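**Q** Got a predicted model here, sequence first, then my questions.
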Amino acid sequence: MSKTIKDKLTTQLPVLREEAKSLAKTYGSKIMDQVALEQIYGGMRGIKGLVCDTSSVGLDTGLIIRGIPILELTDKLPEQVFCLLLTGEIPDDETLKEFQEDLNRRAEVPSYVWDVLNALPKDTHPMIALSTAIMSMEKESEFRKHYDAGLPKDKLWEPMFEDSLNIIARVTQIAAFIYRKSFGKGDMIPPDPSLDWAANFAKMLGVKDEDGTFAKLMRLYLVLHSDHESGNVSAFTCQVVSSALSDAYYSFSAALNGLAGPLHGLANQECLRFILKMKTEIGHQPSDDEVRDYCQNLLDTGKVVSGYGHAVLRITDPRFTAFLRFGKQHVPDDDAFRMVEQLFEIVPDLLTKQGKAKDPWPNVDAVSGSLLHHYGMTEYQFYTVLFGVSRILGFSAQTILARAMNSPLIRPKSVTTEWIKKQVAG
Ligand code: CMX
């Protein structure tokens with residue numbers, strides 16, 4: 001009988017805990033980084049102050065999950081990637097099947113969630129609906145129940161595991177409900193437990209998919225967005241909130257609120273909006289020169305080109321490359337996708353010449369919307385919800401591990417401007 005992912009983590013934990021304890025004891029005073037004043041004023045960019053083992057993002061490699069570059073994981077299911085994030089191993093078939101069945105057993109969404117979502121104004125942004133739905137389920141939290149009952153700290157990861165898996169199992173139904181309700185797509189489509197997590201989600205969304213390629217896109221989408229180490233706005237928020245021993249419902253909802261910002265996850269919505277607006281304003285499928293002039297004008301008027309640049313990366317985001325390959329294979333003649341390809345040819349040069357952006361290359365958001373648009377999911381306000389559904393895999397793995405490793409309350413030190421002036425003078 002194959003081990004479940006919980007068994008695997010249970011077996012790994014004593015070694016992981018001992019390793020961290022021993023590193024901190026032996027090398028506790030070793031200096032790992034230095035902080036320059038420009039980093040303090042620059043959003044703490046680049047300061048090494050967090051441990052994250054689920055994934056890492058190299059400026060010249062992009063996303064690496066447990067040592068495997070993301071481009072080598074594009075044929076995997078999101079469930080397999082979740083197991084990899086959490087345990088460092090791609091599950092064998094039996095473990096995967098057991099995990100999928102476990103998700104199906106947890107899939108029933110409490111009925112009050114539909115009431116909560118139905119009570120929201122019709123023009124509520126889908127990200128508010130998602131965050132609210134997650135928060136509304138907080139009373140289901142096993143973590144809070146066990147914390148209140150005095151479960152020892154080193155066992156708190158177990159109810160965190162339960163909460164996280166319950167959220168993963170339910171979030172696709174919730175997101176599909178939000179999509180269908182927000183955009184008048186008709187009644188909820190019930191889940192089909194015979195399908196994998198992403199294909200089931202694709203079915204519940206109700207997007208027409210005669211040849212199964214939309215389900216394939218969903219699998220890829222939910223793999224590519226699953227994690228991006230822990231310093232980005234949403235993952236960091238998740239870790240800060242859960243370090244106060246707030247449960248997964250509080251932590252994930254807070255993280256989703258950060259993901260909803262235009263400089264972070266909302267950029268995929270902004271990017272498609274920008275492409276469609278460009279086409280409308282130009283009045284036809286634009287030529288290369290028209291695209292160049294349009295983007296130059298954006299830069300000259302102090303606007304950002306959505307989908308380009310990154311706080312960490314200094315190369316074309318490999319997640320962009322993965323989507324580009326999908327587009328070339330499945331939707332090469334789509335108008336929006338062709339503009340994505342044009343922008344890729346043109347924007348890096350413009351940003352380089354402007355000389356402000358440290359990274360002139362496209363990130364994942366530059367392309368994802370054009371693919372969704374092709375399949376008839378034209379409501380770009382929903383796109384960040386898809387990002388959120390996927391990133392809940394990463395939030396879950398990171399937060400379970402943080403509790404498993406007894407990670408402390410996160411509490412960096414802030415300083416006053418007066419203190420800085422004294423330091424500089426000194
Ligand atoms: N278009 C125009 N200007 C850009 C730019 C872009 N795509 N990317 C960076 N710049 C500008 C910045 O606005 C900044 O200008 P100011 O000095 O006038 O403020 C300057 O270049 C330096 O910025 P940076 O250090 O290169 O970038 P940051 O680390 O501060 O920010 C990011 C990174 C992603 C927010 C930024 O590149 C951006 O706004 N890109 C467009 C939005 C986007 O695609 N976001 C999605 C990122 C992926 C994700 O997290 O989901």
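**A** Thanks, I have the structure now.

**Q** Going by C-alpha atoms from here, please, whenever you check contacts or count neighbours.
**A** Will do.

**Q** Enumerate every residue touching the closest residue to the ligand within the stretch 151-300 of the chain.
**A** Distances between the stretch 151-300 of the chain and the ligand by C-alpha to the nearest ligand atom are smallest at His264, namely 3.7 Å. His264 makes contact with Val233, Gly258, according to C-alpha atoms under 8 Å, 6 or more residues apart in numbering.

**Q** what kind of secondary structure is it in?
**A** coil (DSSP: H, G, I helix; E, B strand; the rest coil).

**Q** I'd like to know how many residues surround Gly355.
**A** Neighbours of Gly355 under the rule other C-alpha atoms under 10 Å: 11.

**Q** try Val116
**A** Neighbour count of Val116, defined by other C-alpha under 10 Å: 13.

**Q** so how far is Met135 from it?
**A** When distance is defined by C-alpha to C-alpha, to the nearest Å, Val116 is 10 Å away from Met135.

**Q** Need the contact partners of stretch 386-401.
**A** So stretch 386-401 is contacted by 52-54, 82, 85-86, 157-158, 160-161, 164-165, 168, 171-172, 175, 221-223, 225-228, 230, 235, 238-239, 242, 248, 252, 256, 259, 265 (C-alpha under 8 Å, 6+ apart).

**Q** If any of those are buried, put those into a ChimeraX selection.
**A** To isolate the buried members of the contacts of stretch 386-401 in ChimeraX, using 16 or more other C-alpha atoms under 10 Å:
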select :53,54,82,85,86,157,158,160,161,164,165,168,171,172,175,221,222,223,225,226,227,228,230,235,238,239,242,248,252,256,259,265
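
**Q** Now go through the contacts of stretch 386-401 and say which are in helices.
**A** Counting by DSSP state H, the part of those found in helices is 82, 85-86, 157-158, 160-161, 164-165, 168, 171-172, 175, 221-223, 235, 238-239, 242, 248, 252, 256, 259.

**Q** Can you tell me the SS state at the closest residue to Leu272 other than its chain neighbours?
**A** Distances taken as C-alpha to C-alpha, 6 or more residues apart in numbering put Gly369 closest to Leu272, at 5.3 Å, once the chain neighbours are dropped. Classification of Gly369 by three-state DSSP places it in helix.

**Q** so how far is Glu229 from Gly369?
**A** 23 Å.

**Q** which one of these two has more residues nearby?
**A** Counted by other C-alpha under 10 Å, Gly369 and Glu229 do not tie: Gly369 has more neighbours, with 27 against 23.

**Q** The more buried one touches Ile275, doesn't it?
**A** No: between Gly369 and Ile275 there is no contact under C-alpha atoms under 8 Å: 9.5 Å.

**Q** Quick check: residues of the stretch 201-350 of the chain near the ligand?
**A** 263-265, 267, 299, 303-311 (C-alpha under 6 Å from any ligand atom).

**Q** Buried among the residues you listed? Need that as a selection in PyMOL.
**A** Restricted to buried positions by 16+ other C-alpha under 10 Å, the PyMOL selection for these reads:
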select buried, resi 263+264+265+267+305+306+307+308+309+310
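
**Q** Now pLDDT and secondary structure too, for the residues of the stretch 201-350 of the chain next to the ligand, in JSON lines please.
**A** As requested, these are exported to JSON lines (pLDDT from 0 to 100; DSSP: H, G, I helix; E, B strand; the rest coil):
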{"residue": "Leu263", "pLDDT": "88", "secondary structure": "coil"}
{"residue": "His264", "pLDDT": "87", "secondary structure": "coil"}
{"residue": "Gly265", "pLDDT": "88", "secondary structure": "coil"}
{"residue": "Ala267", "pLDDT": "84", "secondary structure": "helix"}
{"residue": "Leu299", "pLDDT": "97", "secondary structure": "helix"}
{"residue": "Lys303", "pLDDT": "94", "secondary structure": "coil"}
{"residue": "Val304", "pLDDT": "92", "secondary structure": "coil"}
{"residue": "Val305", "pLDDT": "94", "secondary structure": "coil"}
{"residue": "Ser306", "pLDDT": "89", "secondary structure": "coil"}
{"residue": "Gly307", "pLDDT": "93", "secondary structure": "coil"}
{"residue": "Tyr308", "pLDDT": "96", "secondary structure": "strand"}
{"residue": "Gly309", "pLDDT": "96", "secondary structure": "coil"}
{"residue": "His310", "pLDDT": "94", "secondary structure": "coil"}
{"residue": "Ala311", "pLDDT": "89", "secondary structure": "coil"}
